[in-house]
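**Q** Based on what follows, work out the 3D shape:
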Amino acid sequence: MPSTEHAAKQLHSLYSDHHGWLYGWLRRKLGNACDAADLAHDTFLRLFVRRLPGDLGDEPRALLTHIAKGLVIDHWRRQDVERAWLDTLASVAPSEVPSAEAQVLILDVLYRIEAVLRDLPPRTCEIFLLSQLEGLTYQRIAERMDVSLITVKRHMRTAFAACLALR
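**A** I've put the predicted structure just below:
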């Protein structure tokens, strides 16, 4: 049997042996059948794209659980961003609400910004947010955080570089 046919059979076997179990685990974790189905699918997709079927180790369920847990955390983070966006929209006059297409684009950018901020070191993120959201000057941030002005500038440079990488 050719290796691609063998690999396809392994993938099919893995999916049929473990999909029901994974879906049930995700459904209990999320309390939502639709999200569980989506994340179960995404778990297998991520596994199939990143690994060779023979490279699953002795515990495929442990690997599937590991991948699924990361996807669940990402799902919850995306829900938090979406909730914040919907709260913001609720305070906007109906005539000012962006189109559905614009909202999808805005949410995508917000998801990406959240990911960048999450990946920044905590102090860098705090300094960046003090500057960008509270409008504090670098000098005021330095005083407030009891650090030098050059330290604030260094953290801001790091944060801006991360934001520019979004482009």
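**Q** Going by C-alpha atoms from here, please, whenever you check contacts or count neighbours.
**A** Noted.
**Q** unless I'm mixing things up, residue 82 is touching residue 106, no?
**A** No - Residue 82 lies out of contact with residue 106 (Cα atoms under 8 Å); the separation is 10.2 Å.
**Q** Buried residues of stretch 27-41, list them for me.
**A** Buried positions in stretch 27-41, judged by neighbour count with 16 or more other Cα atoms under 10 Å: 27, 30, 35, 36, 37, 39, 40, 41.
**Q** ok, residues contacting it?
**A** Identification of contacts with stretch 27-41 by Cα atoms under 8 Å, 6 or more residues apart in numbering yields 19, 22, 23, 24, 26, 68, 71, 72.
**Q** Look up which helix or strand the third one falls in, please.
**A** Spelled out, it's residue 23. According to DSSP states H and E, residue 23 maps onto helix 3-30.
**Q** Which of the contacts of stretch 27-41 sits closest to residue 90?
**A** Nearest to residue 90 among those, counting by Cα to Cα, is residue 72 at 26.6 Å.
**Q** returning to that earlier point: following the helix holding residue 23, which helix or strand shows up next?
**A** Per DSSP H and E, the first helix or strand lying C-terminal to helix 3-30 is helix 33-50.
**Q** Kindly tell me how buried residue 158 is, as a neighbour count.
**A** A total of 17 residues lie near residue 158 under the criterion other Cα atoms under 10 Å.
**Q** Oh, that last question was meant for residue 44, not what I typed.
**A** Taking other Cα under 10 Å as the criterion, the count of residues near residue 44 is 20.
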